[in-house]
Every structure is written in C-alpha cells, then in structure tokens.
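[1] give me a model of this one.
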Amino acid sequence: MVKRENARRAWDRRAASYDRAGDRMERLTIGDSREWICARARGRTLEVAVGTGRNLSRYDDDVELVGIDLSPNMLTAARHRAAVLGRRVELREGVAERLPFPDATFDTVVCTLGVCAVADRHAALAEMRRVLRPGGRLLLLDHAERRWLSGRPADLALRLGFVAEARDRLRLGLIERLAARRPA
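    As a prediction, the model looks like this:
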C-alpha cells in the first residue's frame, strides 16, 4: 500500500507537465503507435492507466470509453481533455491490479505505456483478461526491456492465455505493441 501511495503522489506531481514533456519523446520513440492501438478498439473499451487522456482523440466515435488511473491529477487532466474534445468518457480512479469492474465487462482493453509503471504486472494483465469478454481484444503498447524479471508485458499476456493477432517491436526492440484476443 505504501508503494501505491508513493506512485500515486509521483504521478500526481507529473500530471501538469506530463503532456509537454512527453510530446517530443513520443514522436521519437513510439511514432504512430497510439493510432495503431486505438484504431483497433471496438465496442465498450476500458483504457487502463488513461493518464492525461492522450489517446482520447484517437478512438473511433462509436467506441464507448471508460478510463481508469491511479492518479487523481492525471484524471483531472483527462477530464479537461475530454471536455475540450467533446468526448464522452467515464473516468474513474483505481489501480490496474484490482480493476473495479465485473468479469467480462469489456469488448476491448487498452493500455499504452502503463504496464511498465505497475508494481505487479502479472496481476494487472490477469485483471485485464478477467474484465474482457471471451473473444475480447487486448491492445498493449509498452517498453520491452529485457531487464524485467517478470517479463515483457506482451510475453506475460501470452502466458496468461491471450492469443496474438499482431505483434510489433519498434526502435530496436525497445517498444512493443500487441493486439491479442482472449479465447472464447
């Protein structure tokens, strides 16, 4: 619990400057990956670690969007972005390791650059699987550092039973994106 509170405070402090600091870095590192991920979302979609809402403008209009984040300040920024965009989205505070939704609630779960920041990656990905409907799609974008003892997020997802539809490594393998299905 102490780690989670420390993480919440750290992300709350970063919220105001997060987008400015991230714009240039993202252009250099992930390119069009946010578009790649969001274009594949369908139906009722949960975005885990929604942050400041950087993906909100990239979803199709017919996607019914729910976002969750650990940081209240990040959620405030996401609410502001949604209002500016005229985008309807339900935003909730919560943690990836204990998603506050019933089993099989979503058609799609998205997480962009969020699994790397979660204390228990395995638990977070297991929760994403739990809240997906059978046949639902998991869309991940994350750092693919080999030094992780718990494994790359995409590898962990596949070990949890997801079936890969598309998987790419970018920037010399440092960034990875995955589209996968929960078996029906």
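
[2] do you have the helices of this structure handy? List them.
    Counting by DSSP state H, the chain has helices at residues 2-14, 18-29, 33-38, 72-85, 121-131, 153-159.

[3] going by mean pLDDT, which of those comes out lowest?
    Of all the helices of the chain, helix 18-29 carries the lowest average pLDDT, namely a mean of 61.

[4] longest strand anywhere in the chain?
    In the chain, taking DSSP state E as the definition, the longest strand is strand 132-143.

[5] mind giving me the packing neighbours of that one?
    helix 33-38, strand 106-112, helix 153-159, strand 175-181 (3 or more CB pairs under 8 Å, 6 or more residues apart in numbering; DSSP states H and E). (Glycine included, C-beta is placed from N, CA and C.)

[6] just give me the neighbour total for the closest residue in space to Ser57 that isn't next to it in sequence.
    Closest residue to Ser57 apart from its sequence neighbours, by CB to CB, 6 or more residues apart in numbering: Leu85 at 5.5 Å. Leu85 is flanked by 12 other residues according to other CB atoms under 10 Å.

[7] what's the answer for Gly161, then?
    Gly161: 12 neighbours (other CB under 10 Å).

[8] before we move on, back to that, the helices and strands packed on strand 132-143: which one's closest to Leu75?
    Among those, strand 106-112 comes nearest to Leu75, with 15.7 Å by CB to CB.
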